[in-house]
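Asks: Make a model of this:
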Amino acid sequence: MAKNLVKIRLAAIAVMLVFFLGGFEVLLRFAAPIPVTGIQYAPCNLVPSKEFGALYIPNSTDQFMRLNEIDLKFHVNNLGFHDTDRQIEKREAFRIVVVGDSFTASRQVKISKTWTQKLELILKNRLNKPLEVINLGLSGTGTVIHQKLLQRFSSLLKPDLIIYQYTVGNQQDDMYPNIIKECYRNFFMVYQNNEARQKILTRVREIHRNAWWGFIVKHSYVARAVNYYFDWWPLTNIFRQDSFGYKWTVEKSPIPVEKVLRNMQNNALSEGSQFVILPIPIKGLGSSSEPIAIDSYEDIEIAAKLTGIKLIDIRKELITTAMTKGVSTRSYFWKYDGHYNEAGNSALAAAIAEKLINIDIIK
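Replies: Numbers count the residues shown, from 1 in each chain. From the prediction side, this is the model:
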């Protein structure tokens, strides 16, 4: 009888514990306190590349998580980009190719919600003609790598129009040569030399002795809260060499942006393609006078004038659209990530479509 009583009490305690932990899990998921439960997980469906730093693996999928506001599957198409599958052979459709960085890749939203997909749909409907917008965005890249992407894919895809998506800071990315991005045991490693790589590998192997706990942390907010105080598993899978005492090698005199643009333009012309520059507004500080960062476009504007390349400026359209809808342009961005959310991607697509149609560049 006493044994049964003990079993009943233990069972009751177990049930109460399950209910407590379950309720705490729900509460944490609802409140999502940062940084206690925040986790950053970069997708690892990529391979290192000396030419590009890294390339996405065609026809692959991995998880992308960012501080409780982004949690989705990052899909890569047959060409190796965050886009729908594409036929290489060009048919009757007017073909637009967009080359750029993370603001083109739009990994933070589903493929159907990316601005390139929405732009394709808007232009098809408004122009009533077969048309496709192909996404060649590669996150964390600068102008030199964008030129290499264009060299590799323009002759293959033979676009009618090439849009080069430029972000303030792209040229700064060119100042860090030979950066390699690699994944090992689902940890995203960023380094410039093999010594730094070996140091990161050693750390990853040490962490993986508790791989079971890492799995729980990834999927449980309660585990993340516990881990925040005990630090048994990193709340990010991104390891950079500077965190291990290795300084970045810096190229003090990167190739001038106007030279890269000329190379891109010449490449486009050799394929019979039109070429335009699209600077993307980035998230600002949210002041009433400057809700979208009208960060100095001076460098790219000067480069465009020097090269004679048409520049598509959508800043006013984005701000006007937001004012018309009665929202702040800050609502176009993720709170912590800094990239455009679904609403922002829709706004981008509408603004870009309006510009392209008004300048009558799609024949």
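Asks: Assign the residue nearest to residue 246 when sequence neighbours are not counted to helix, strand or coil.
Replies: Excluding the flanking residues, the one nearest residue 246 by Cβ to Cβ, 6 or more residues apart in numbering is residue 196, at 4.3 Å. Using the backbone N, CA and C atoms, a C-beta is placed for each residue, glycine as well. Assigned with DSSP: H, G, I helix; E, B strand; the rest coil, residue 196 falls in the helix class.
Asks: Can you name the residues that contact residue 196?
Replies: Each residue near residue 196 by Cβ atoms under 8 Å, 6 or more residues apart in numbering is listed here: 241, 244, 246.
Asks: Show me the helices in the stretch 101-250 of the chain, by range?
Replies: 102-105, 115-127, 143-157, 170-173, 194-207, 211-219, 221-230 (DSSP state H, counting those that start in this stretch).
Asks: what would the ones you listed look like in a markdown table with mean pLDDT?
Replies: What follows is the helices of the stretch 101-250 of the chain, written out as a markdown table (pLDDT from 0 to 100):
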| stretch | mean pLDDT |
| --- | --- |
| helix 102-105 | 96 |
| helix 115-127 | 96 |
| helix 143-157 | 93 |
| helix 170-173 | 75 |
| helix 194-207 | 95 |
| helix 211-219 | 89 |
| helix 221-230 | 89 |
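Asks: which residues does residue 352 contact?
Replies: 115, 119, 278, 312, 314.
Asks: what's the closest non-adjacent residue to the most centrally placed residue in the chain?
Replies: Against the mean C-alpha coordinate of the chain, by Cα atoms, centre = their mean, the closest residue is residue 102 at 3.7 Å. Nearest residue to residue 102 in three dimensions, chain neighbours excluded: residue 139, at 3.8 Å (Cβ to Cβ, 6+ apart).
Asks: where's that neighbour relative to residue 250, distance?
Replies: 21 Å (Cβ to Cβ, to the nearest Å).
Asks: The two - which one has more neighbours?
Replies: For residue 139 versus residue 250, neighbours defined as other Cβ atoms under 10 Å are more numerous around residue 139 (22 against 10).
Asks: residue contacts, the more buried one?
Replies: Residue 139 neighbours (Cβ under 8 Å, 6+ apart): 101, 102, 105, 107.
Asks: and the residues you listed as TSV, adding distance to residue 261?
Replies: Below are these laid out as TSV (distance: Cβ to Cβ, whole Å):
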residue	distance to residue 261
101	15
102	20
105	20
107	25
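Asks: Please indicate which of those residues has the highest neighbour count?
Replies: residue 105 (26 neighbours).
Asks: and the spatially closest residue to that residue that is not a sequence neighbour, what is it in contact with?
Replies: Leaving aside its chain neighbours, residue 105 sits nearest to residue 137 (3.3 Å; criterion: Cβ to Cβ, 6+ apart). By Cβ under 8 Å, 6+ apart, the contact set of residue 137 is 81-82, 98-106, 116, 165.
Asks: repeat that with 7 Å
Replies: By Cβ atoms under 7 Å, 6 or more residues apart in numbering, the residues touching residue 137 are 81, 82, 98, 100, 101, 102, 104, 105, 106.
Asks: so which helix or strand takes in the third one?
Replies: Okay, so that is residue 98. If you go by DSSP states H and E, residue 98 is part of strand 94-100.
Asks: In terms of secondary structure, what does that strand contact?
Replies: Applying 3 or more Cβ pairs under 7 Å, 6 or more residues apart in numbering; DSSP states H and E, one finds that strand 94-100 contacts strand 131-137, helix 143-157, strand 161-167.
Asks: Nearest to residue 90 among the ones you listed would be which one?
Replies: Between residue 90 and these, the shortest gap by Cβ to Cβ is with helix 143-157, which sits at 6.9 Å.
Asks: helices or strands up against the closest one?
Replies: Secondary-structure packing of helix 143-157 (3+ Cβ pairs under 7 Å, 6+ apart): strand 94-100, strand 131-137, strand 161-167, helix 257-270.
Asks: buried sites along it?
Replies: Using 16 or more other Cβ atoms under 10 Å as the test for burial, helix 143-157 gives 143, 144, 145, 146, 147, 148, 149, 150, 153, 154, 157.
Asks: what bits of the stretch 201-350 of the chain have low per-residue confidence?
Replies: 284-296 (pLDDT under 70).
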